[in-house]
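A.B. asks: Kindly return the folded structure for what I paste below:
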Amino acid sequence: AVQLVESGGGSVQAGGSLRLTCAASGSTGCIHVMSWYRQAPGQEREFVSLIRSDGTRQYADSVKGRFTISQELAKNTADLQMDNLKPEDTAMYYCKADIMLDPYCNGGHAWGQGTQVTVSS
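C.D. replies: Residues are numbered from 1 along each chain as shown. This is a model prediction of the structure:
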């Protein structure tokens, strides 16, 4: 099984920066994609960014040019650097890991418990 723990959330003013970290443990060799999602109160959870094991990245249009995802395979972490934050970025941010399906890995996915990001105007 894979366990995920997010950290780095907090409160900042608009234009500020935060760096979120997702630390994975357990069967980390089974992870092939790590993603960040966010959910604002009263809204559905939405995709923010992902990074694949081959290093390719994707971003939601709303964060392109402001957020950068990276990973350190040796530390089993995936970071989300968030710059030029806006009030509309306020949400609970969740880390997700997609698990390979093969003779050694069970497939499926894992979620962290979330970390709160609040941006004031």
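
A.B. asks: what's the nearest residue to Leu18 if we skip its chain neighbours?
C.D. replies: The shortest distance from Leu18 to any residue other than its chain neighbours is 5.0 Å, reached at Met82 (Cβ to Cβ, 6 or more residues apart in numbering). For the C-beta atoms, the positions are set from N, CA and C on the backbone; glycine is no exception.

A.B. asks: Just to check, the one you found is in contact with Phe67?
C.D. replies: Yes: the pair Met82 / Phe67 is scored as a contact, 5.1 Å apart, by Cβ atoms under 8 Å.

A.B. asks: The two: which is more packed in?
C.D. replies: Neighbours per residue, other Cβ atoms under 10 Å: of Met82 and Phe67, the larger number sits with Met82, 26 against 21.

A.B. asks: Setting the sequence-adjacent residues aside, check what's closest to the residue nearest in space to the middle of the chain.
C.D. replies: Residue closest to the average C-alpha location in the chain (Cα atoms, centre = their mean): Trp36, at 2.5 Å. Of all residues beyond its chain neighbours, the one nearest Trp36 is Val48 (4.3 Å), with distances taken as Cβ to Cβ, 6+ apart.

A.B. asks: For that neighbour, which residues are in contact?
C.D. replies: Ser35, Trp36, Tyr37, Arg38, Tyr59, Ala60, Val63, Phe67, Leu80, Tyr93 (Cβ atoms under 8 Å, 6 or more residues apart in numbering).

A.B. asks: I'd like the next helix or strand past the helix or strand hosting it.
C.D. replies: Val48 is located in strand 46-52, with elements delineated by DSSP states H and E. Once strand 46-52 ends, the next helix or strand along the chain (criterion: DSSP H and E) is strand 57-59.

A.B. asks: Partner strands of that next one and their direction?
C.D. replies: strand 46-52 (antiparallel) (DSSP bridges).

A.B. asks: now the partner strand, how far from the chain's geometric center?
C.D. replies: Offset of strand 46-52 from its chain centre (Cα atoms, centre = their mean, to the nearest Å): 7 Å.

A.B. asks: How about stretch 45-55?
C.D. replies: That offset, for stretch 45-55, works out to 7 Å (Cα atoms, centre = their mean).
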